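1. I'd like to go over a predicted model; first the sequence, then the structure.
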Number of protein chains: 2
Amino acid sequence: MTINDIAALTGVAASTVSRALSRPDRVNRVTRERIQAAARELNYVPNTQARALSSGRTETVALLVSDATNPFYFGLIRGAQQQLRAAGHALLLIDTEDSAELENHLLHKVRRSVDGVILAASRLPEQTLSVIAAELPVVTVNRNVPRVRSVVIDSPDGVMQAVEHLVSLDHRAIAYVAGPPSSWANEARWRAMRTAMARHGLTAARVGPFGVSRSSGSVAADALLNTGATAGVTFNDLLAIGILRRLAERGVDVPGEISVVGCDDIFGADFCSPPLTTLTAPIEQAGRVAVSMLLDHLEHLGETASRQTVLLPTHLTIRQSSGPAPRR
Amino acid sequence: MTINDIAALTGVAASTVSRALSRPDRVNRVTRERIQAAARELNYVPNTQARALSSGRTETVALLVSDATNPFYFGLIRGAQQQLRAAGHALLLIDTEDSAELENHLLHKVRRSVDGVILAASRLPEQTLSVIAAELPVVTVNRNVPRVRSVVIDSPDGVMQAVEHLVSLDHRAIAYVAGPPSSWANEARWRAMRTAMARHGLTAARVGPFGVSRSSGSVAADALLNTGATAGVTFNDLLAIGILRRLAERGVDVPGEISVVGCDDIFGADFCSPPLTTLTAPIEQAGRVAVSMLLDHLEHLGETASRQTVLLPTHLTIRQSSGPAPRR
DNA sequence: AACCGGGTGGCAATCGGTTGCCATTAATTG
DNA sequence: CAATTAATGGCAACCGATTGCCACCCGGTT
């Protein structure tokens, strides 16, 4: 079922069919309706590749995540997917396996097959990212690079809330459990933490970096205990959940002996044991907003962008993994 | 950077470049190497759309899931993604939002843009599915339809293991907490449950259907208690986790007063409270196998399939949500 | 009557590859 | 040495749309 079949059937040229379908005002009403009726009847679906080839638009957006198993991305994927569907676009999901080279490689590979890309937690150096953004519409998530539009979840602000929370519970020795060094968010959180601590005349300890998986949680837990801190703020929930598990294994009471605060509020944070105090991030919304920004950008390619960066607020959700500092 | 640029640069025809790159044995070694070198140097990436248009192959596979938020699918997506990457193919992720019409519609829409599709938990009637499978390479997951190849996770067998487990702990009144009626797996599990129970001269109760979300767990928990059963086997872990939560809320001791067994062993099943006894399903493997079958099928399109269905074994993972039946 | 301009629709080039067919050349064989 | 065959590379048609350009028709002006 091609545009030619419809053309033959309705006795017009293929070009007219094309116009009737994609630029309805360019063709006479009766002709148009006849064509549209035929198209509907034959259940015509335009060939995406052919259209892409001539028009350059693929109606597809790639979402690059560093690791598809990380529950953080679940929400992001979901949000992006929703918004894309609403706009009639397709979602190409790409897992960069946490490697900058692979990310770069795959990006090059799909460059021509998508209208734009959303980079969630890109591991690419700022330089490379700028170059790519110049030749392909890009929106980053949780990564801020000059001249690249982005949606960032304001976890630094959340980290401050977390510090206030812990300090108010008389914690004085608080450690940051760091994630991957290549993560922009990781550094942002650490900076926020130091700033917040400094306000109270305190100094944050730091352990890590650790991988973001539950298994790294064991190592992280032990390292955290070694700092002598009475509370730990972790890079993300996955790590926090791993830590909780290890602490339980070692018989360390949470929050009796040590408090743990996570980040992101992923699936599971509310039903692990004890339920995790964490920074609730509007992840799904981030996915939706990222897509909106990208599509918006695509529609007004020439124009200067209205907003380059959207900052989404977070808030601390207090559950049972944080409590008063132990009395020594 | 097109094939023509390379042709011009190396002084051969475009067709030769094309061959040098995709059918290396059709061109002389020295010519080929010259072309390949030029391609590498210019960082040439073939245009997917153009290639698809003429060859019909898109090197893209669609994965349809009924709900991208369901953690069950994340393993599947991950597995599929891995295997596809290895084969140099791309993954188009499609969320059918649990609607058969939408599933059918989207399927038609992408039909021409992909080499094949993997249907995870299809809601389509058997009839429709057959039709689609006839015009497009299809592999289903957890769904068995004649003449459509599939990978199914043998949870029925697992359910039997679960029943044995519970019966050995002196449970006599066991209920099945059902999922969506449109789910093939749901019915398969229920049948297995009845059979297994019958072997011991027992009859299984059944409650439901319930939606597969944690919130449906509350309703399900109450319904489960009403049956007077001392143990419940649930359609999936999401539901089970919701039930555990509700039971905790109501002060019902698990497994003291009632045992709960889930299905799938999704992310979170091991750290909820109490950790969930569940049927561990090789989800990621299912994703990989589904892709392998599909790609294999694509390579030997004309030939008759070797295996139409792959059955993956499951096993019961006993954690703390199941225990001896309460003495009455 | 000659002219003008907007509304329609066709022609043909184009996007970037793929592939069947054929011509040329080189190698093998009787 | 002639003849058959295999290897190699070019030509051109095609895949299915999109789009710039032009021709035509028609009503309205002057």
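-> All right, it came through fine.
2. residue contacts, the residue nearest the centre of chain A?
-> Nearest to the mean C-alpha position of chain A, by Cα atoms, centre = their mean, lies residue A:120 at 4.3 Å. By Cβ atoms under 8 Å, 6 or more residues apart in numbering or on different chains, the contact list for residue A:120 reads A:63-66, A:73, A:76, A:140-142. Any C-beta I mention is one placed from the backbone N, CA and C, and that applies to glycine too.
3. Please verify my assumption that residue A:321 contacts residue A:253.
-> No - in this structure, residue A:321 is not within contact of residue A:253 by Cβ atoms under 8 Å, at 10.9 Å.
4. The two - which one has more neighbours?
-> Set residue A:321 next to residue A:253 and count neighbours by other Cβ atoms under 10 Å in any protein chain shown: residue A:321 wins out with 27 against 12.
5. Name the nearest residue to residue A:178, sequence neighbours excluded.
-> If the residues on either side of it in the chain are set aside, residue A:178 comes closest to residue A:208, at 3.0 Å by Cβ to Cβ, 6 or more residues apart in numbering or on different chains.
6. and what of residue A:195?
-> Per Cβ to Cβ, 6+ apart, closest to residue A:195 is residue A:160, 7.3 Å.
7. State whether the one you found is indeed within a strand.
-> No - going by DSSP: H, G, I helix; E, B strand; the rest coil, the assignment for residue A:160 is helix, not a strand.
8. didn't it look like it was pressed against residue A:198?
-> No - here residue A:160 lies out of contact with residue A:198, judged by Cβ under 8 Å, at a distance of 11.0 Å.
9. can you pull the alpha-carbon coordinates of the one helix or strand residue A:15 maps to into PDB?
-> Using DSSP states H and E, residue A:15 falls within helix A:14-22. What follows is helix A:14-22, C-alpha atoms only, in PDB (Å, rounded to 0.1, in the frame of the first residue of the first chain):
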ATOM      1  CA  ALA A  14       1.300  10.700  -6.500                       C
ATOM      2  CA  SER A  15       2.400  14.100  -5.600                       C
ATOM      3  CA  THR A  16      -1.200  15.200  -5.100                       C
ATOM      4  CA  VAL A  17      -1.800  12.300  -2.800                       C
ATOM      5  CA  SER A  18       1.200  13.300  -0.800                       C
ATOM      6  CA  ARG A  19       0.000  16.800  -0.500                       C
ATOM      7  CA  ALA A  20      -3.600  15.800   0.300                       C
ATOM      8  CA  LEU A  21      -2.200  13.900   3.200                       C
ATOM      9  CA  SER A  22       0.500  16.200   4.600                       C
END
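10. Could you confirm whether stretch A:33-45 reaches DNA strand C?
-> No - Stretch A:33-45 lies apart from DNA strand C when judged by Cβ under 7 Å from any atom of the strand; the minimum separation is 8.8 Å.
11. now residue A:290: how far from DNA strand D?
-> 26 Å (Cβ to the nearest atom of the strand, to the nearest Å).
12. Give me the distance between that residue and residue A:124.
-> 16 Å (Cβ to Cβ, to the nearest Å).
13. which other residues reach the helix or strand harbouring residue A:52?
-> Following DSSP H and E, the helix or strand that holds residue A:52 is helix A:48-55. For helix A:48-55, contacts defined as Cβ under 8 Å, 6+ apart pick out A:57-60, A:113, B:47-50, B:52-53, B:58, B:110, B:112-113.
14. tally of neighbours for residue A:142?
-> 25.
15. repeat for residue A:222
-> Neighbours of residue A:222 using other Cβ under 10 Å come to 14.
16. give me every residue that touches it.
-> By Cβ under 8 Å, 6+ apart, the neighbours of residue A:222 are residue A:246.
17. quick one: pLDDT of it?
-> With respect to pLDDT, residue A:222 scores 93.
18. Now do it against residue A:247, distance only.
-> Distance from residue A:222 to residue A:247, by Cβ to Cβ: 9 Å.
19. Over to residue A:300?
-> Distance from residue A:300 to residue A:247, by Cβ to Cβ: 51 Å.
20. In terms of neighbours, single out the busier of those two.
-> residue A:247 (23 against 10).
21. What strand or helix carries that one?
-> Applying DSSP H and E, one finds residue A:247 within helix A:237-249.
22. and the residue nearest to residue A:252 when sequence neighbours are not counted, what does it touch?
-> In this structure, residue A:252 finds its nearest non-sequential neighbour in residue A:258, 6.2 Å apart by Cβ to Cβ, 6+ apart. Residues near residue A:258 by Cβ under 8 Å, 6+ apart: A:224-225, A:229-232, A:247, A:252, A:326.
23. Is there a quick PyMOL command that grabs whichever of those residues are buried?
-> Only the buried entries of the contacts of residue A:258 go into this PyMOL selection, using 16 or more other Cβ atoms under 10 Å in any protein chain shown:
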select buried, chain A and resi 224+225+229+230+231+232+247+252
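24. quick one: which of the contacts of residue A:258 is nearest residue B:213?
-> Ranked by distance to residue B:213 (Cβ to Cβ), these are led by residue A:247 at 29.8 Å.
25. That closest one reaches residue A:256, doesn't it?
-> No - Residue A:247 lies out of contact with residue A:256 (Cβ under 8 Å); the separation is 10.5 Å.
26. quick one: the helix holding residue A:52 to chain centroid distance?
-> 29 Å (Cα atoms, centre = their mean, to the nearest Å).
27. Where does pLDDT dip in the stretch 201-328 of chain A?
-> The stretch 201-328 of chain A contains residues with pLDDT under 70 at A:301-307, A:328.
28. At the contact with chain B, which residues of it appear?
-> By Cβ under 8 Å from any Cβ of the partner chain, the part of the stretch 201-328 of chain A that sits against chain B consists of A:214, A:241, A:244-245, A:267-268, A:271-273.
29. Next, give me the two most distant ones among those residues.
-> Maximum distance among these (Cβ to Cβ): 16.0 Å, for A:245 and A:267.
30. buried stuff in stretch A:285-303?
-> For stretch A:285-303, by 16+ other Cβ under 10 Å, it's A:285-295, A:297-298.
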